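1. Need coordinates for the below:
(chains A and B)
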Amino acid sequence: MNPTEATPAPPRVRFAPSPTGYLHIGGVRTALFNWLFARRHGGRFILRVDDTDSQRNLADALAPILDGFRWLGIDWDEGADIGGPHEPYYQSQRLALYQAAAEKLLASGVAYRDYARPEETQTERAEAEANKVPYLASRRWAGETAEDRARFEAEGRTFAVRLKMPRTGTCRIEDLVRGTVESEWAAEADHVIQRADGTCLYHLASVVDDVEMGITHVIRAEEHLPNTPRQIFIFEGLEAPLPAFAHLPVVAEPGSRVKLSKRKLDKYLKNPEFADLYQHGRRIADRLGLAATPETFNPVITDFYRIAGFLPEAVLNYLLLLGWSLDDHTEILSPAEQIAHFTLDRVNKAAASFDPKKLMSFQEKYMQALPVDERLRRVLPFVETVGWVATPPSPAELERVRGIVAAAADRIKVAGDILDYDEFFVADEKLAWDEKAFDKRIRSAAGATELLAALRSEIAELPAGADFSAPAVEKILGEFVAARSLGLGAIVHALRLAVAGKPIGFGLFDILALLGRSSVLARIDRALVHAATPPGAIGPS
RNA sequence: GCGCCCAUCGUCUAGCCUGGUCAGGACACCGCCCUUUCAAGGCGAUAACACGGGUUCGAAUCCCGUUGGGCGUACCA
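-> This is a model prediction of the structure:
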């Protein structure tokens, strides 16, 4: 690098979630872009907590957010939990800073004490609405002199602090994503920055913190774009340098441009693809015995993916492409590649709607790329939680689960899918059958029970310790059907139902090998008894 | 209402700045192949420049307008 060239200071960016008790997937996308930008330029990513309006228990409301980021591998350099040079990182603990800033704005005349009563402001606003003009405060109750203040206070009025917005000129924002955005200052209302009770509002707090924390780039969702002029006004009032702004498109509902919201789960469930994703996760949550309410478990919330056993890299990769692209063909980017290639100028302007199917496709690709032992590692916590293996598993259990994972191959899309394969963990006498399939494939299939019985004796006659691996089983079955001039199809379905209880799943030879000879014999026996029981009669539970 | 933002296949997008390609890729869908089921995989097909005016030999690309959508307009964030 040319030593005479000034090295730009490393950027400082922030993500400032409200402690709401959950991490919104759209918020993750915004945080991801900030994080990527910081990592790409050797800057700092700061996690500040916007709890100015918080009534809830902070620790409980914040934990899911921090856990979500940790799970995703989005780490922060300063902020919640870890502190840093600009402590505290909780806005509720920075009130004095905001009040001092309000004083400064008041002193320099860019803000005023507004003694208007709420209903008076309301009347003015209604009037403006009726006249179809932007609402502008009359400033009739602005206590700008000591006399005015004394008079208003004598009337029993209290004040809020309002910005005294310019009434002429143009505000120009050079947005890194949207280019030059212009608006008339006169269209800006005199926003309140400090309430009558002395507490401060978002716009003031946000700007004061950005100034104090040395934020160089404000990268946030597009919904904040119309708020930017008033924030710029505060920056200027504080005589602070302006950060660069980059407004990201929102993450929208499936098939719409409306911002994704966790409260509209019922509506999204009418979208079949969204419903599929939800049901997929739900099945896993149910098996885990989780109380999955829409408030805590829903594809809009990051925890959904963690609980169901998604790979964080896959989720991140999908989110990256929601509003950003590298070129006309690259889709799979590892975190390192994402950092290496991310630039704000390739961020899209239009809102991007959330596509559950495409997310799943990323998840499948990432899962397929994982070696069996890695998949085993992801799957283990699930079988441990439901008690199918001990915690930690014995070497034999480990080997068994590994075999199941290997045989499952691409069928395990998310780690929690392992819970679909209870037939390998349930005791032989507890195996439940899919009755409809059982009826079709065994009870009403001509010759099925006879064939099953014949195969059963053949397997039983195998010498003790005979090879029962998948290839060996394949050979046994092949010879069994060949001796009867039949195809494999003649026995496969009945056998699958008998030993696994369901008509779908792994390759049959894998199933038999995984179960082992004694289980196979026991299950065929039990199926034969069950087949003899008339349908509708009470079968084994 | 007013202000701002946005607009390419169903969806995510490339292309737009620096006009000229059969408008490219991915996901989904559909069809075929493979196949003991289910997945997976392979091959193929359908599918888009919101509309209307300009400018130009030529417009997805530049300009104007229209329409549609989104966000904001709180003593919320």
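2. Can you tell me the SS state at A:Ser183?
-> Under DSSP: H, G, I helix; E, B strand; the rest coil, the three-state class of A:Ser183 is strand.
3. tell me the phi and psi of the residue nearest to it when sequence neighbours are not counted?
-> Take A:Ser183 and drop its neighbours on the chain: the residue closest to it by CB to CB, 6 or more residues apart in numbering is A:Cys171, 5.4 Å away. Where you see a C-beta, it was placed from the backbone N, CA and C, and this is true even at glycine. Backbone geometry at A:Cys171, expressed as degrees, to the nearest 10, gives phi -100, psi 130.
4. Is it correct that A:Cys171 is in contact with A:Glu184?
-> Yes: between A:Cys171 and A:Glu184 there is a contact at 7.4 Å, judged by CB atoms under 8 Å.
5. got any ranges where the stretch 301-450 of chain A has weak pLDDT?
-> For the stretch 301-450 of chain A, applying pLDDT under 70 flags no range at all.
6. Strands of that one, start to end?
-> For the stretch 301-450 of chain A, applying DSSP state E, counting those that start in this stretch gives strands covering A:352-353.
7. Residues of it that sit close to RNA strand B?
-> Residues of the stretch 301-450 of chain A lying near RNA strand B by CB under 7 Å from any atom of the strand: A:321-325, A:327-329, A:331, A:346, A:348-353, A:355, A:357-358, A:360-361, A:364, A:368, A:409-411, A:413.
8. Now the buried members of the residues you listed.
-> Among those, those buried by neighbour count (16 or more other CB atoms under 10 Å) are A:321-324, A:351-353, A:355, A:360, A:364, A:413.
9. Nearest to A:Phe342 among the residues you listed?
-> Taking CB to CB as the measure, A:Trp324 is the one of these closest to A:Phe342, at 7.2 Å.
10. coming back round to it: the more surrounded of A:Cys171 and A:Glu184?
-> A:Cys171 (19 against 14; other CB atoms under 10 Å).
11. all helices for the stretch 251-400 of chain A, in order.
-> Using DSSP state H, counting those that start in this stretch, the helices of the stretch 251-400 of chain A run over residues A:265-268, A:272-288, A:302-308, A:312-320, A:335-341, A:356-368, A:372-385, A:395-408.
12. Turn those helices into JSON lines, columns for distance to A:Ala437.
-> Formatted as JSON lines, the helices of the stretch 251-400 of chain A follow (distance: least, CB to CB, whole Å):
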{"stretch": "helix A:265-268", "distance to A:Ala437": "32"}
{"stretch": "helix A:272-288", "distance to A:Ala437": "19"}
{"stretch": "helix A:302-308", "distance to A:Ala437": "26"}
{"stretch": "helix A:312-320", "distance to A:Ala437": "33"}
{"stretch": "helix A:335-341", "distance to A:Ala437": "43"}
{"stretch": "helix A:356-368", "distance to A:Ala437": "26"}
{"stretch": "helix A:372-385", "distance to A:Ala437": "25"}
{"stretch": "helix A:395-408", "distance to A:Ala437": "20"}
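13. Let me know the helix or strand that the residue of the stretch 51-200 of chain A at minimum distance from RNA strand B is in.
-> Minimum separation of the stretch 51-200 of chain A from RNA strand B (CB to the nearest atom of the strand) falls at A:Lys132, amounting to 2.7 Å. Assessed by DSSP states H and E, A:Lys132 sits outside every helix and strand.
14. Those residues of the stretch 101-250 of chain A touching RNA strand B, which are they?
-> Checking the stretch 101-250 of chain A against RNA strand B by CB under 7 Å from any atom of the strand, the hits are A:114, A:116-118, A:121, A:125, A:128-129, A:132-135, A:158-160, A:178-179, A:181-184, A:187, A:189, A:191-192, A:195-197, A:201-203, A:222-227, A:249-250.
15. Of the residues you listed, grab the buried ones for PyMOL.
-> Applying 16+ other CB under 10 Å to these, the buried members can be selected in PyMOL as follows:
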select buried, chain A and resi 114+116+121+128+135+159+160+178+181+191+192+201+202+203+222+224+225+249+250
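16. returning to that earlier point: contacting residues around the residue of the stretch 51-200 of chain A closest to RNA strand B?
-> Under the criterion of CB atoms under 8 Å, 6 or more residues apart in numbering, A:Lys132 has no neighbours.
17. Now it. Its backbone dihedrals?
-> According to degrees, to the nearest 10, A:Lys132 has phi 60, psi 40.
18. Give me the next element, helix or strand, following the helix or strand bottoming out on mean pLDDT in chain A.
-> Across the helices and strands of chain A, the lowest-confidence element by mean pLDDT, DSSP states H and E is helix A:118-130, at a mean of 86. As assigned by DSSP H and E, the chain's next helix or strand after helix A:118-130 is helix A:146-154.
19. for that following helix, which positions count as buried?
-> Buried, per 16+ other CB under 10 Å, within helix A:146-154: A:149, A:152.
20. For whatever helix or strand comes next after that helix, enumerate the helices and strands it packs against.
-> Next in sequence after helix A:146-154, counting helices and strands by DSSP H and E, comes strand A:160-163. Strand A:160-163 makes packing contacts with helix A:95-107, strand A:111-114, strand A:192-194, helix A:228-237 when contacts are defined by 3 or more CB pairs under 8 Å, 6 or more residues apart in numbering; DSSP states H and E.
21. Turn these into a markdown table, including mean pLDDT.
-> Below are those laid out as a markdown table (pLDDT from 0 to 100):
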| stretch | mean pLDDT |
| --- | --- |
| helix A:95-107 | 96 |
| strand A:111-114 | 96 |
| strand A:192-194 | 96 |
| helix A:228-237 | 96 |
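22. Deepest-packed of these, please.
-> strand A:111-114 (a mean of 24; mean count of other CB atoms under 10 Å).
23. Show me what it is packed up against.
-> Using 3+ CB pairs under 8 Å, 6+ apart: strand A:111-114 touches helix A:95-107, strand A:160-163.
24. let's see it at 10 Å
-> Where contact means 3 or more CB pairs under 10 Å, 6 or more residues apart in numbering; DSSP states H and E, strand A:111-114 is packed against helix A:95-107, helix A:146-154, strand A:160-163, strand A:192-194, helix A:228-237.
25. Quick one: name whatever helix or strand follows the helix or strand that contains A:Glu458.
-> Per DSSP H and E, A:Glu458 falls inside helix A:448-460. As assigned by DSSP H and E, the chain's next helix or strand after helix A:448-460 is helix A:470-482.
26. The closest residue in space to A:Ala142 that isn't next to it in sequence pairs with what?
-> Once flanking residues are discounted, A:Ala142 sits nearest to A:Tyr112: 4.4 Å by CB to CB, 6+ apart. When bridges are called by DSSP bridges, A:Tyr112 pairs up with A:Arg162.
27. Roughly how far does A:Tyr112 sit from A:Val192?
-> 11 Å (CB to CB, to the nearest Å).
28. Now for these two: what residues contact both?
-> A:160-163 (CB atoms under 10 Å, 6 or more residues apart in numbering).
29. and those residues as CSV, adding pLDDT?
-> Putting these into CSV (pLDDT from 0 to 100) gives the following:
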residue, pLDDT
A:Ala160, 95
A:Val161, 96
A:Arg162, 96
A:Leu163, 96
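30. Find the pair from those with maximum spatial separation.
-> Among those, A:Ala160 and A:Leu163 lie farthest apart (CB to CB), at 10.8 Å.
31. Need the residues touching each of these two.
-> Counting by CB under 10 Å, 6+ apart, the residues touching both A:Ala160 and A:Leu163 are A:112, A:114, A:191-193.
32. so which pair among those is furthest apart in space?
-> A:Tyr112 and A:His191 (11.9 Å).
33. what residues are shared contacts of these two?
-> Counting by CB under 10 Å, 6+ apart, the residues touching both A:Tyr112 and A:His191 are A:137, A:160-163.
34. Put the buried members of these into a ChimeraX selection.
-> The following ChimeraX line selects those of the shared contacts of A:Tyr112 and A:His191 that are buried, judged by 16+ other CB under 10 Å:
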select /A:137,160,161,162,163
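35. now, among the shared contacts of A:Tyr112 and A:His191, which is nearest to A:Gly68?
-> Using CB to CB, the shared contacts of A:Tyr112 and A:His191 come closest to A:Gly68 at A:Leu163, 34.6 Å.
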